[in-house]
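Give me a 3D structure for the following:
(2 chains)
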Number of protein chains: 2
Amino acid sequence: MPTYTPPLRDMQFVMHEVFKVTDEFKAIPRYAEADADTINAILEEAGKFAAEVTFPLNAAGDVEGCKLDPATHEVTTPAGFKEAYAKFVEAGWPALSCDPEFGGQGLPLVVNQCFYEMMNSANQAWTMYPGLTHGAYAALATHGTPEQQKTWLPKMTSGEWTGTMCLTEAHCGTDLGLMRTKAEPQADGSYRITGNKIFISAGEHDMAENIVHLVLARLPDAPPGIKGISLFIVPKFLVKADGTLGERNPVFCGGLEHKMGIHGNATAQINLDGAAGWMVGQPNKGMQAMFVMMNAARLGVGNQSLGLTEVAYQNALAYAKERLQMRSLSGTKAKDKPADPIIVHPDVRKMLLTAKAYAEGGRALLVFCSVLLDKSHFHPDEKVRKDSDELLSLLTPIVKAFTTDNGHIATNACLQVFGGHGYIHEWGMEQFARDNRINMIYEGTNTIQSLDLLGRKILGNNGATLKKFGKLVAQLVQEEGVNEDMAEFVNPVAYLGEQMTKFTTEIGFRGFQNPDEVGAAAVDYLRVAGHLVHGYFWARMAQVALREIAAGNTDPFYQAKLQTARFYFAKLFPETAMLMRTARAGAKPLMDTDLALA
Amino acid sequence: MPTYTPPLRDMQFVMHEVFKVTDEFKAIPRYAEADADTINAILEEAGKFAAEVTFPLNAAGDVEGCKLDPATHEVTTPAGFKEAYAKFVEAGWPALSCDPEFGGQGLPLVVNQCFYEMMNSANQAWTMYPGLTHGAYAALATHGTPEQQKTWLPKMTSGEWTGTMCLTEAHCGTDLGLMRTKAEPQADGSYRITGNKIFISAGEHDMAENIVHLVLARLPDAPPGIKGISLFIVPKFLVKADGTLGERNPVFCGGLEHKMGIHGNATAQINLDGAAGWMVGQPNKGMQAMFVMMNAARLGVGNQSLGLTEVAYQNALAYAKERLQMRSLSGTKAKDKPADPIIVHPDVRKMLLTAKAYAEGGRALLVFCSVLLDKSHFHPDEKVRKDSDELLSLLTPIVKAFTTDNGHIATNACLQVFGGHGYIHEWGMEQFARDNRINMIYEGTNTIQSLDLLGRKILGNNGATLKKFGKLVAQLVQEEGVNEDMAEFVNPVAYLGEQMTKFTTEIGFRGFQNPDEVGAAAVDYLRVAGHLVHGYFWARMAQVALREIAAGNTDPFYQAKLQTARFYFAKLFPETAMLMRTARAGAKPLMDTDLALA
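Residues are numbered from 1 along each chain as shown, chains lettered A, B, ... in the order given. You can find the predicted model right below:
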């Protein structure tokens, strides 16, 4: 019976004390009135929804899973899912950061970010139903025609209809250029779509009255490969001119996958049998529109692991305080009890602090990114929009891969704190680890993220974008370079930044001669970059904490933050020593292995 | 659907070419006639049993799980488990390394080691039923009276009866001193045992006609804590004087756990309701007898992860060769195909080689340990027996923790090679990862192993036992110190050996002042020790390979071994750079965190 408490205090700290988001919002007319009290009040309510409505469905949903009726192609979600979704829609939660033009509340995306962190802590499988809708919404909001937007976005904003992303086919996941699904143009401007998709999350369910599938397919005359792919809206039910639902479109669920986790989410095989579709954006430019969804989804997947890291941490911490087992090596701590609580043991603390440090560092990173997203969309200054977009594009693969790998480390560490009980379903810990495991895979495996980061985002523009982040680090070093109290936090980040600059140049040269050198270094490189980013945010969080303490603030929150920062730099950050070494070992030990891998 | 091929060639390499086990056996009268051909022929048959009989039951057993009938307390194992067990018994496999005095075949334990590696690859859940019997057998063979041995061991040797270890209770896992189960002496010399045990693997099932539970309990006058625990034989069915089964003993299964994995194995809650028991060994000395089981079980758990690492590797390798996705970064490799097989990608190779290197290094370690076990039991020279036992005692926590952590890394890496398909049950990969996850926990969590290694086995005798292993390293350095071809393998091991010696002294001093320093360093220390040991074995394997190649042997096996060795030293061994650093960071960043963990 796991429990969950929304981490509101830490969210407020990150939003208001570290990043001062409402100061940023003052420069954005759309958000000029978003004050801290409003944001906090909304998140308090949002946290209640997560903790009270969807969290109680999480463990049972895992056991029950989704069921497909092969005769009707209808999917039944676990008990309570549908009712929770009705409450979700009724309360207006889907509309939080959607555009007022389509009925949205127009709140900053950072509010949605924190809301979804809590929803992911509460129930990742459930949250994927509305979560995917946001990706589809973003694609249509960016690339849809005004008429398409008018038809689809209000109902997706209200949550009455949900969305999906139909990309993968059995023979192509990473390599979408191999796609076979066909789109034949019809006289009325629509298309008939035929093909088979797999791994469609939230692909079929009973929670909403319609599902808006966004489907990648090929036109008959499309060039081969990735440049011949177009994007289509393929609704479960057609929509009549008056906006009401019409006939059933032949886009059917042909099967559900039996998965390691996220059992409550229907991972559907989707058969398109000449289904009616409408093109989004330009012919053969589907990947552009798809990437709007994909980038949103990649941040969303990082957020899923952030949520799981937080909830796993909370439960492991509670267990470690209660579970009595052995005595402290440094002498009995709980004399009145038959044994000490296991939190006295150094390695139990290490497992707990690992999860805590990755949760709090990840939260800072995700909040920072969602402010960048807000600025890239709505800031009046074009340069700010462009800079924000570029920095976000650099950070997106780090959010996706680093946060989900950390989620794997953290959920498994927290499971381990429970000993044998961690392996048993009723304690909830093993579900967190299983649910998290998909996050390292979907929306581009973590290896693909690393190639996107190193190959495309960094070497692709000779390190220019990396320098943007480097400037933030340099600014911090300049601000705090003579502050002795900050040295323990700033120095390792500054040092790693220098090392990375050198290593980036080095790998650029090597990769020029042999591109496999980039592939061999990329995964290690991304994790180093992840630590640079987390290290930077930990230094900024420590900076705020030190200032508050110096100013006489006695809230123990700030000392706690410093303790966690010190743990992070002492025990997690040194992973970079290994990663720089293995990355430098290069491609040869991997590629000269044809006999070993025969 | 996963496949499995017994790795017979590598087993032969390790046994006969690296360790020359039959030369060792010539000095042991009991094994004098165990020649290589016999051993190889037995393992070939054993491999067939694993691949053909139990492996096909693995995936279905995971889905079906075990079922308890609450009315009869009887457990039904998954379809086919019982029939496979009957074949296992009929073929005489349980008796392989048992004592001829009790009907065993008296073969070296190393044969059983390799057999069980294959059985674990094939089906860990199934293999735990006979696997636990070996632990119970070992305890009775060492501490049972001649009469007890005569009553119980022949049927355990034949496999007609299986065994269990009943240690854990709901409130005590690691801390057995808190145990509450009571044993009341009876006039006839037996005891009435009352209490509740949990997490009893293979605790109830329908595969054998009787189950011999070895139960830890307290005598009425027992001193508190760990020094007041005795061990008892508590059979499911009492045994009459003529050896036939008598009445049902009130030792009942009260429930089965719903677990993350090993679903095919019944993890039972065992209620002892005044069950008849017979003491093994001396009153209040139960932990001694228990440790015989436990040490056997710890090696066995390492072997479980070795088996899963191997089977996960084989399947990921096959998939990586077949799955076509994207082109190689260094230019198209399969021009006739729509994409290249993913094995062309450096990071896919890294994931595969990680599993391969840990499988082959782990195999060397486990085979080495089982030869030590053979020598510690049966070598005619007492000094050899003692030395072997001491070295084995040092290596046991490394086998348990390092091999199971590596199994976690490897099974997850191999799952990742499959992309989304890795998350789907039918491909088998996610089951390997789930099944492996328990191995890091049971028979003493990996943290407990690290405290056993650093606190008890190393600092407990001022590093004397570590020096025994150091001598092996020194010997290799002496042999190969001037051989340039060996430098790349020997130098890193020699360097790490020196660093570890220094660090051991340092941590000894620190721990003397503050024992929490030992707890803070132990987990990192164990992984460094694991790499020292694997590094040593990789160097020895490379030594054999280089000699064969120099002698003109053109079998590609030897080049493959060198390639894997080079990968290991380039990409896995550098983890020690991080571990030494985090271990040296000490206890303070963990223990000065009361506010962070409030």
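
Quick one: distance of stretch A:277-290 to the chain centre.
Its chain's average C-alpha position is 24 Å from that of stretch A:277-290, according to CA atoms, centre = their mean, to the nearest Å.

I'd like the average pLDDT over that stretch.
Mean pLDDT, computed over stretch A:277-290, is 94.

show me where chain A has strands.
Secondary structure of chain A, counting by DSSP state E: strands at A:67-69, A:74-76, A:161-166, A:182-185, A:191-201, A:210-217, A:230-235, A:237-239, A:245-248, A:251-256, A:267-280.

Mind listing the strands the longest one pairs with, and their directions?
Spelled out, it's strand A:267-280. strand A:191-201 (antiparallel), strand A:230-235 (antiparallel), strand A:251-256 (antiparallel) (DSSP bridges).

Enumerate the positions of the longest one that are buried.
So that's strand A:191-201. A:191-195, A:197-201 (16 or more other CB atoms under 10 Å in any protein chain shown). Placement of C-beta: from N, CA and C, glycine included.

who in the stretch 351-500 of chain A is up against chain B?
When proximity is defined by CB under 8 Å from any CB of the partner chain, the stretch 351-500 of chain A lies next to chain B at A:352-353, A:356, A:408, A:412, A:415-416, A:419-420, A:422-426, A:430, A:433-434, A:437-438, A:440-442, A:445-447, A:450, A:455.

what do you get if the cut-off is 6 Å, keeping everything else the same?
Residues of the stretch 351-500 of chain A lying close to chain B (CB under 6 Å from any CB of the partner chain) are A:419-420, A:423-425, A:430, A:438, A:441, A:445, A:447.

Narrow those residues to those in helices?
Judged by DSSP state H, the subset of those located in helices is A:430, A:447.

could I get the residues of the stretch 351-500 of chain A next to chain B as a markdown table with neighbour count?
Shown next, in a markdown table, are these (neighbours: other CB atoms under 10 Å in any protein chain shown):
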| residue | neighbour count |
| --- | --- |
| A:G419 | 22 |
| A:G420 | 19 |
| A:Y423 | 27 |
| A:I424 | 18 |
| A:H425 | 16 |
| A:E430 | 27 |
| A:I438 | 28 |
| A:I441 | 24 |
| A:T445 | 24 |
| A:T447 | 26 |
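
Centre of the chain to the worst-scoring helix or strand of chain A on mean pLDDT, how far?
When the helices and strands of chain A are compared on mean pLDDT, DSSP states H and E, helix A:464-480 comes out lowest with a mean of 92. Relative to the mean C-alpha coordinate of its chain, helix A:464-480 is positioned 25 Å out (CA atoms, centre = their mean).

Now do it: everything it contacts.
A:390-391, A:394, A:457-458, A:486, A:490, A:494, A:497, A:536 (CB atoms under 6 Å, 6 or more residues apart in numbering or on different chains).

can you check stretch A:224-233 too?
Residues outside stretch A:224-233 that contact it (CB under 6 Å, 6+ apart): A:177, A:183, A:191, A:193, A:215-219, A:222, A:277-281, A:283-284, A:286-287, A:289-290.

can we see that at 7 Å?
Applying CB atoms under 7 Å, 6 or more residues apart in numbering or on different chains, the contact partners of stretch A:224-233 are A:148, A:152, A:176-177, A:179, A:183, A:191, A:193, A:212, A:214-219, A:222, A:277-281, A:283-284, A:286-287, A:289-290.

now do the same end-to-end measure for stretch A:577-597.
Counting by CA to CA, to the nearest Å, you get 28 Å between the two ends of stretch A:577-597.

Tell me how far it lies from the chain's centre.
Distance of stretch A:577-597 from its chain centroid, counting by CA atoms, centre = their mean, is 29 Å.

Name the residues of it that come out as buried.
In terms of neighbour count (16+ other CB under 10 Å), stretch A:577-597 has its buried residues at A:577-583, A:585-587, A:589-591, A:593, A:596-597.

can I have stretch A:83-97 written out in PDB, keeping just the CAs?
The C-alpha trace of stretch A:83-97 is given here as PDB (Å, rounded to 0.1, in the frame of the first residue of the first chain):
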ATOM      1  CA  GLU A  83     -14.900   7.400 -13.800                       C
ATOM      2  CA  ALA A  84     -11.600   9.100 -12.800                       C
ATOM      3  CA  TYR A  85     -11.400  10.500 -16.300                       C
ATOM      4  CA  ALA A  86     -14.900  11.900 -16.200                       C
ATOM      5  CA  LYS A  87     -13.900  13.800 -13.000                       C
ATOM      6  CA  PHE A  88     -10.700  15.000 -14.700                       C
ATOM      7  CA  VAL A  89     -12.700  16.400 -17.600                       C
ATOM      8  CA  GLU A  90     -15.300  17.800 -15.300                       C
ATOM      9  CA  ALA A  91     -12.800  19.700 -13.300                       C
ATOM     10  CA  GLY A  92     -11.200  21.200 -16.400                       C
ATOM     11  CA  TRP A  93      -7.700  19.700 -15.800                       C
ATOM     12  CA  PRO A  94      -7.100  18.900 -19.500                       C
ATOM     13  CA  ALA A  95      -7.500  22.600 -20.400                       C
ATOM     14  CA  LEU A  96      -4.900  23.900 -17.900                       C
ATOM     15  CA  SER A  97      -2.300  25.200 -20.400                       C
END
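
what's the farthest-apart pair in the buried residues of strand A:191-201?
A:R192 and A:S201 (24.8 Å; CB to CB).

Break chain A down into its structural domains.
Listed by automatic domain parsing, the domain ranges of chain A are A:8-143, A:163-291, A:292-584.

residues in contact with stretch A:391-400?
In this structure, residues lying in contact with stretch A:391-400 by CB under 7 Å, 6+ apart are A:295, A:298-299, A:301-302, A:365-366, A:369, A:372-373, A:376, A:443-444, A:449-450, A:452-453, A:457, A:465-466, A:468-469, A:526, A:529-530, A:533.

do you know how far A:H171 is from chain B?
7 Å (CB to the nearest CB, to the nearest Å).

what sits against the residue lying closest to that residue once chain neighbours are set aside?
Closest residue to A:H171 apart from its sequence neighbours, by CB to CB, 6 or more residues apart in numbering or on different chains: A:L178 at 6.0 Å. The contact partners of A:L178, taken as CB under 7 Å, 6+ apart, are A:171-172, B:338-339.

what do you get if the cut-off is 10 Å, keeping everything else the same?
A:169, A:171-172, A:224-226, B:324-326, B:338-339 (CB atoms under 10 Å, 6 or more residues apart in numbering or on different chains).

filter those to the buried ones?
Neighbour counting with 16+ other CB under 10 Å marks A:169, A:172, B:324-326, B:339 as buried within the contacts of A:L178.

Just the buried positions in stretch A:472-486, please.
Neighbour-count burial for stretch A:472-486 flags A:472-473, A:476-477, A:480, A:486 (criterion: 16+ other CB under 10 Å).

now do stretch A:48-57
For stretch A:48-57, the neighbour count (16+ other CB under 10 Å) marks A:49-51, A:53-57 as buried.

how about the nearest residue to A:W93, chain neighbours excluded?
Of all residues not flanking A:W93 in the chain, A:F49 sits nearest, at 6.6 Å (CB to CB, 6+ apart).
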